[in-house]
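Asks: Just the structure for this:
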Amino acid sequence: MNQHAKIDIRHSTCPHDCPSACALDVEVIEGRSIGRVRGSKQQTYTAGVVCAKVARYAERIHHAERLMYPMRRTGPKGSGQFARMSWDEALDEIAARFDAAEHEFGAESVWPYYYAGTMGLVMRDGLNRLSHVKKYSRFYGTICSTIARIGFTAGTGKIAGVDPREMAVSDLVVIWGTNPVNTQVNVMTHASRARKERGAKIAAVDVYNNDTMKQADIKILLRPGTDGAFACAVMHVLFREGFADRDYLARYTDCPGELEAHLKTRTPEWASAISGVPVEEIEAFARLVGQTKRSFFRLGYGFTRSRNGAAQMHAALCIPAVTGAWQHEGGGAFFNNAGIWRFDESIIEGHDAIDRNTRVLDQSKIGRILTGDAEALKGGGPVKAMLIQNTNPMTVAPEQALVRQGFAREDLFVAVHEQFMTETAQMADIVLPATMFMEHDDLYYGGGHQHISVGPKLIDPPGECRSNHEVMQGLGRRLNAVHPGFDMTARELIDATLKKSGHGDIDTLEAELWRDLQPDFRASHYLDGFAHSDKKFHFKVEWGKLPVGSGGLMGEWDKMPSLPDHWTIIEEADAQHPFRLATSPSRSFLNTSFNETPSSQAREGVPTVMIHPEDAATLLIADGEAVTLGNTRGETTLTAKLFDGVRRGVLIAESIHPNKSHIGGRGINMLTGAEAVAPVGGAAFHDNKVWIRKASAAT
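Replies: Residues are numbered from 1 along each chain as shown. Model (predicted):
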């Protein structure tokens, strides 16, 4: 008789760069492999729902093309020619090259580089410990959320808001600056529940008719970078038509009279000319918000992709303060819960070893750094050696022409610790095989909700894969990097971090599966005052006095509007570049994760750019035709997709396809800039002026 395989249901947390951090029920087959992955019904935010790409995680973790053993480059950089080597040989060589760079050029010539390929604290942030102990150049992560976070903090004083599960008891859910059908599916779970059970309306505010907007009852289609103008006009109507809650404003906000006077000239007509949203749509939306006390503003990461993103986030956040929606269950706003975790990562990151005189290099400026830009290098010497974990800068970083030039340097030593042969790994001198999240222990939090969890090791890794922490331990010994964190297992680091953070121990948290840390109703709704020293919500912002990251103040922060407004610093279209381009996230890729799985590749197809049919007709561009986009930074060629769900003059290129998938091998980030975005840095991926034309035969 055939015996059925033994299947156990084990629990974990999705580690990928997504605020949902979904709670998972995982089929573990015979203790060796995984089957179906489902969202856990035991955790109230995930509520049994998980995105399709993670549901098919077996396709990724058991992929035939996973890296299995260390390799040394044998051909030219980028050739993909590698030969197998042992772990001892690989770690010995990396340590020797780091020591040689330090001896000749100083410790700051070594730059460990990472990001959010995993959101687990041990495996993501442990690389900082090596930098701090060895006094290597430090790392400032600016690609993802810095701009939006500072904009939210400007209003509330803290990165925390209403319990996101309260969307389910709202009467109006405003989804603004995020496409959760593609990127945070659980947002739609709770919003759809409100619509089903309460008759709530879902409104979507975005720059194209994406999959979320297609499910919405109210659709607000903006030109990129004009959210602030729209928000100001909405507040103008709220004041003009008596929807402002003056008692709430007097008690909880800093300068309502000054705001009202300022908004007198920010009319719907003014905003319509800027944003493209018809006057009647602005006024109808404002009246709906004003008449609906339980209005929940779910604000997203789209704000962080624009040069005026911090000001735009703040302007949108001001709307529920004007209406007093914060007072009501199902009302108020939410972006991220970073302010509630209070994790002490001092052991993981080696905070006791930080030398504040060591330079901090900006992640987004990697192209400029590797090509010797003096300002990007903070006036110091060149970067000569790197270890890269959890990110793929050869595809995802801005200013790809410079990134390519930098990685092609023969005098730059690069080791890449990866799961697949990414385009960054192909440029490496040494490639190391990495575990996936079910193959090691880690500690997680949900930026989009309120739970913390331990993600335990469920199965053994294939081949010779090692975790990020194991690589740090091996290098630490060889580099004489002395710190207790290098001598602890991943579980011991988790346990110590939980205890130092006041969260108990690892065994207790693991037994709970997912611990809910949501503050009570009064705290979440700021009913005892907001988190500024004066306890007020701030309409008026002193941008230079807000908490800043390790990079300090950046960009034209001194020119930012103090009151909500449309800040005209965006990269406006001009005669040479008549279109505005946004590079929005796709449904089946997550940055460059999942772009190696067949099901995701099949759904996404070839790289395309959405263009309004009338714009296409003017340029004699047909649907499915190869087109080239360009600006002063570079060019890329992809396929035109005629789409009337954008404003004229706007182009949308979803997802980050591999560079090699583009016609000619130049990816979409050839067009994006790395100029520091005010006030604390970041990269404006959705804020590009470009031209578009039919591709030449030689492309």
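
Asks: quick one: the strands in the stretch 201-350 of the chain?
Replies: Secondary structure of the stretch 201-350 of the chain (DSSP state E, counting those that start in this stretch): strands located at 201-206, 218-221, 295-299, 332-334.

Asks: which one of the ones you listed is the most hemmed in?
Replies: Ranked by mean neighbour count under mean count of other C-beta atoms under 10 Å, these are led by strand 295-299, which reaches a mean of 28. Heads up, the C-betas are built off the backbone N, CA and C, glycines and all.

Asks: Distance to N308 and mean pLDDT added to the strands of the stretch 201-350 of the chain, as JSON lines?
Replies: As requested, those are arranged in JSON lines below (distance: least, C-beta to C-beta, whole Å; pLDDT from 0 to 100):
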{"stretch": "strand 201-206", "distance to N308": "15", "mean pLDDT": "98"}
{"stretch": "strand 218-221", "distance to N308": "18", "mean pLDDT": "98"}
{"stretch": "strand 295-299", "distance to N308": "15", "mean pLDDT": "98"}
{"stretch": "strand 332-334", "distance to N308": "19", "mean pLDDT": "98"}
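
Asks: Of all these, which one is nearest L671?
Replies: With C-beta to C-beta as the measure, strand 201-206 is the member of those nearest L671 (20.2 Å).

Asks: who's in contact with the closest residue to H566 other than its chain neighbours?
Replies: Excluding the flanking residues, the one nearest H566 by C-beta to C-beta, 6 or more residues apart in numbering is A229, at 3.7 Å. For A229, the contact set (C-beta atoms under 8 Å, 6 or more residues apart in numbering) comprises 266, 270-271, 274-275, 565-566.

Asks: repeat that with 10 Å
Replies: Counting by C-beta atoms under 10 Å, 6 or more residues apart in numbering, A229 makes contact with 222-223, 266, 268, 270-277, 282, 312, 315, 564-568.

Asks: cool, and C318?
Replies: Counting by C-beta under 10 Å, 6+ apart, C318 has contacts 154-155, 228, 231-232, 234-235, 253, 259, 263, 297, 333, 537-539, 563-564.

Asks: Would you quantify the distance from T508 to L527?
Replies: Between T508 and L527 the computed distance is 31 Å (C-beta to C-beta, to the nearest Å).

Asks: hang on, isn't H566 packed against T226?
Replies: Yes: if you go by C-beta atoms under 10 Å, H566 and T226 touch, sitting 6.4 Å apart.

Asks: list residues touching both of these two?
Replies: Common neighbours of H566 and T226 (C-beta under 10 Å, 6+ apart) are 271, 274-275, 308, 312.

Asks: How about the residue nearest to the spatial centre of the chain: what's its closest non-neighbour residue?
Replies: The centre of the chain sits closest to C144, judged by C-alpha atoms, centre = their mean, with a distance of 3.7 Å. For C144, ignoring the flanking residues on the chain, the nearest one in space by C-beta to C-beta, 6+ apart is A116 at 6.4 Å.

Asks: That neighbour: neighbour count?
Replies: 20 (other C-beta atoms under 10 Å).

Asks: Contact partners for it?
Replies: Taking C-beta under 10 Å, 6+ apart as the test, what A116 contacts is 15-18, 124, 141, 143-145, 390-391, 590-591, 593.

Asks: Show me the shaky parts of this protein.
Replies: 1-3, 548-550, 697-699 (pLDDT under 70).

Asks: Quick one: the strands in the stretch 501-650 of the chain, in order.
Replies: According to DSSP E, counting those that start in this stretch, the strands that the stretch 501-650 of the chain contains are 514-516, 579-582, 608-611, 626-631, 634-642, 650-652.

Asks: Now distance to T424 and mean neighbour count too, for the ones you listed, in JSON lines please.
Replies: Output for the strands of the stretch 501-650 of the chain, formatted as JSON lines (distance: least, C-beta to C-beta, whole Å; neighbours: other C-beta atoms under 10 Å):
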{"stretch": "strand 514-516", "distance to T424": "33", "mean neighbour count": "18"}
{"stretch": "strand 579-582", "distance to T424": "24", "mean neighbour count": "24"}
{"stretch": "strand 608-611", "distance to T424": "24", "mean neighbour count": "24"}
{"stretch": "strand 626-631", "distance to T424": "23", "mean neighbour count": "21"}
{"stretch": "strand 634-642", "distance to T424": "18", "mean neighbour count": "20"}
{"stretch": "strand 650-652", "distance to T424": "26", "mean neighbour count": "25"}
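
Asks: which outside residues touch stretch 270-277?
Replies: For stretch 270-277, using C-beta under 10 Å, 6+ apart, the contacting residues are 205, 207, 220-234, 236-237, 266-268, 278-283, 285, 566, 568, 646-650.

Asks: how does it look with 7 Å?
Replies: With contact meaning C-beta atoms under 7 Å, 6 or more residues apart in numbering, stretch 270-277 is reached by 220-223, 226, 229-230, 232-233, 278-279, 282, 566, 647.

Asks: Just the buried ones among the residues you listed, please.
Replies: Applying 16 or more other C-beta atoms under 10 Å to the contacts of stretch 270-277, the neighbour count classes 220-223, 226, 229-230, 232-233, 282, 566, 647 as buried.

Asks: what's the farthest-apart pair in those residues?
Replies: For the buried ones among the contacts of stretch 270-277, the farthest-apart pair by C-beta to C-beta is C232 and R647; their separation is 18.6 Å.

Asks: related to what we said a few turns ago, just the buried residues from the contacts of A229, in PyMOL please.
Replies: Only the buried entries of the contacts of A229 go into this PyMOL selection, using 16+ other C-beta under 10 Å:
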select buried, resi 222+223+266+268+270+271+272+274+275+276+277+282+312+315+564+565+566+567
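
Asks: from the contacts of A229, which ones fall inside helices?
Replies: 268, 270-275, 282, 312, 315 (DSSP state H).

Asks: Take those and lay them out in a markdown table including distance to S346.
Replies: Formatted as a markdown table, the ones in helices among the contacts of A229 follow (distance: C-beta to C-beta, whole Å):
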| residue | distance to S346 |
| --- | --- |
| P268 | 51 |
| W270 | 50 |
| A271 | 47 |
| S272 | 51 |
| A273 | 51 |
| I274 | 46 |
| S275 | 45 |
| I282 | 48 |
| Q312 | 34 |
| A315 | 36 |
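
Asks: Nearest to V26, out of those: which one, please.
Replies: Nearest member of the ones in helices among the contacts of A229 to V26, counting by C-beta to C-beta, is Q312, at 38.7 Å.

Asks: so what's that closest one up against?
Replies: Neighbour list for Q312: 151, 227-228, 303, 306 [criterion: C-beta under 7 Å, 6+ apart].

Asks: returning to that earlier point: and which of the shared contacts of H566 and T226 is nearest to I159?
Replies: The closest of these, once distances to I159 are taken by C-beta to C-beta, is Q312, at 16.4 Å.
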